[in-house]
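K.L.:
only geometry, no sequence info:
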Ligand SMILES: Cc1cc2nc3c(=O)[nH]c(=O)nc-3n(C[C@H](O)[C@H](O)[C@H](O)COP(=O)(O)OP(=O)(O)OC[C@H]3O[C@@H](n4cnc5c(N)ncnc54)[C@H](O)[C@@H]3O)c2cc1C
């Protein structure tokens with residue numbers, strides 16, 4: 001206990017001396033942020049409001065926010081329009097408590113307000129999603145980078161971070177194949193393992209320093225299905241709108257997409273699990289409703305053709321019924337109706353983490369203090385998807401990252417305040 005108090009006193013004294021040094025010498029606090037995703041950019045935006053910070057953002061890519069740009073390919077869903085208390089319930093992995101504190105500092109309304117201040121409009125779409133209006137994700141990121149550049153934030157690309165060394169009065173940062181640099185404060189906003197081919201040397205480097213990092217695991221991930229080749233020729237990339245997916249006792253309505261390797265979309269992200277799942281291709285109709293529609297067959301069409309016409313089946317549904325059902329099921333009304341309501345799909349296993357929307361795992365909250373600063377390294381902060389939390393799709397992911405970025409900036413200002 002005494003040892004612990006002594007450690008804390010030493011750290012506090014160091015920080016005090018350091019803050020006094022800054023006040024006396026009037027120099028700027030050199031902050032390095034690694035990662036130009038939403039977490040890093042928001043941390044920079046908040047710090048850049050104070051001219052006492054000299055901020056440089058480093059990224060391994062040649063351009064900023066690559067994942068945000070990928071995320072925006074089908075419309076950039078930046079937040080949820082749910083009530084704040086319902087938003088918090090979506091954060092998993094024991095993170096609910098942390099997010100309560102974080103959202104108290106930077107809420108959904110703060111985030112949406114920030115977007116509007118950049119001159120970018122939003123709208124509320126289906127399922128209470130808040131989306132960027134009339135702009136590509138590239139343009140949105142462009143506004144953000146311009147704002148930061150105008151405020152004096154510097155960017156350095158093609159720098160791959162591998163490790164850091166806490167030298168007491170500064171932090172030394174190591175990049176692959178480049179000279180090391182020094183800064184006063186280091187903010188890590190490195191993201192998770194989804195949608196990247198890069199190496200994660202930093203994980204081992206931090207583990208070697210005693211930081212607890214549960215393994216990254218795919219989350220919000222599609223599932224593999226062994227589709228017949230003929231089905232893929234017709235239906236790869238096509239959406240199955242308004243279906244319901246049943247896995248065990250769980251049922252989720254929504255949209256799925258047939259992909260080369262399986263199925264993507266919120267229902268499978270939410271309840272996907274190895275084994276047989278069932279699609280209801282007409283969730284708003286009962287079996288009897290469907291039978292009634294297929295009763296009259298004056299043109300003597302095959303049951304399959306009749307169903308295509310009378311039920312207005314989309315191309316993806318047609319392809320599923322045509323290529324995946326046995327001739328017996330396809331050519332009898334009773335068999336077809338049953339399969340339309342309960343279409344079996346074998347979910348072989350989750351798709352690779354490289355195809356996942358997000359991941360669970362990452363730096364444990366137990367290794368961080370309440371400022372999201374590494375307990376063992378009082379000049380190093382962590383934020384965003386690299387931390388061990390998880391949330392479903394629907395805007396909760398980006399919201400969580402930007403709120404953590406802004407929260408860390410607030411904590412830095414409180415700790416390293418300069419009058
Ligand atoms: C296809 C797809 C769709 C998505 N759709 C949505 C959505 O609609 N809504 C939503 O809320 N979320 C969505 N997400 C998730 C969202 O994009 C992420 O949660 C978010 O981008 C994470 O932000 P971050 O700042 O923590 O990390 P990232 O955005 O991953 O940024 C981390 C940055 O750090 C850099 N970096 C990493 N390691 C190093 C290193 N060693 N050295 C230097 N730089 C490094 C990376 O290059 C990257 O630029 C989607 C994700 C994907 C893949």
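P.N.:
Structure received. Everything numeric here is computed off the predicted structure, so don't read it as measured data.
K.L.:
Spell out which parts of the protein neighbour the ligand.
P.N.:
By C-beta under 6 Å from any ligand atom, the residues of the chain that approach the ligand are 34-40, 58-61, 65-68, 70-71, 77, 159-161, 189-191, 194-195, 198, 202, 357-358, 384-385, 393, 395, 397-398, 401. The way it works is simple: take the backbone N, C-alpha and C, and place the C-beta from them, glycine included.
K.L.:
could you redo the last one with a cut-off of 5 Å?
P.N.:
Within the chain, the residues that sit near the ligand (C-beta under 5 Å from any ligand atom) are 35-39, 59-61, 67-68, 70-71, 77, 160-161, 189-191, 195, 357, 384-385, 395, 397-398, 401.
K.L.:
Weed out the non-buried ones from those residues.
P.N.:
Among the residues of the chain next to the ligand, those buried by neighbour count (16 or more other C-beta atoms under 10 Å) are 35-39, 59-60, 67-68, 71, 77, 160-161, 189-191, 195, 357, 384-385, 395, 397-398, 401.
K.L.:
Next, residue 262: phi, psi?
P.N.:
The phi/psi pair for residue 262 (degrees, to the nearest 10) reads phi 160, psi -130.
K.L.:
Okay, and the beta partners of it?
P.N.:
On the basis of DSSP bridges, residue 262 is bridged to residue 224.
K.L.:
That one: neighbour count?
P.N.:
25 (other C-beta atoms under 10 Å).
K.L.:
Contacts only, for it.
P.N.:
Applying C-beta atoms under 8 Å, 6 or more residues apart in numbering to residue 262 gives the contacts 222, 223, 224, 225, 227, 347, 348, 351.
K.L.:
right, and the pair among those residues with maximum separation?
P.N.:
227 and 351 (13.3 Å; C-beta to C-beta).
K.L.:
Provide the secondary structure category for the residue in the stretch 51-200 of the chain positioned nearest to the ligand.
P.N.:
Residue nearest to the ligand within the stretch 51-200 of the chain: residue 191 (2.3 Å; C-beta to the nearest ligand atom). Of the three states, residue 191 takes coil according to DSSP: H, G, I helix; E, B strand; the rest coil.
K.L.:
wait, what's in contact with it?
P.N.:
Residue 191 is in contact with 35, 37, 39, 67, 384, 385, 386, counting by C-beta under 8 Å, 6+ apart.
K.L.:
Nearest spatial neighbour of it, chain-adjacent residues omitted?
P.N.:
residue 385 (4.8 Å; C-beta to C-beta, 6 or more residues apart in numbering).
K.L.:
Could you check how far the closest residue to the ligand within the stretch 301-419 of the chain is from residue 254?
P.N.:
Per C-beta to the nearest ligand atom, residue 384 is where the stretch 301-419 of the chain lies closest to the ligand, at 2.4 Å. Applying C-beta to C-beta, to the nearest Å, the value for residue 384 to residue 254 is 26 Å.
K.L.:
Check residue 60 too.
P.N.:
From residue 60 across to residue 254, the span is 34 Å (C-beta to C-beta).
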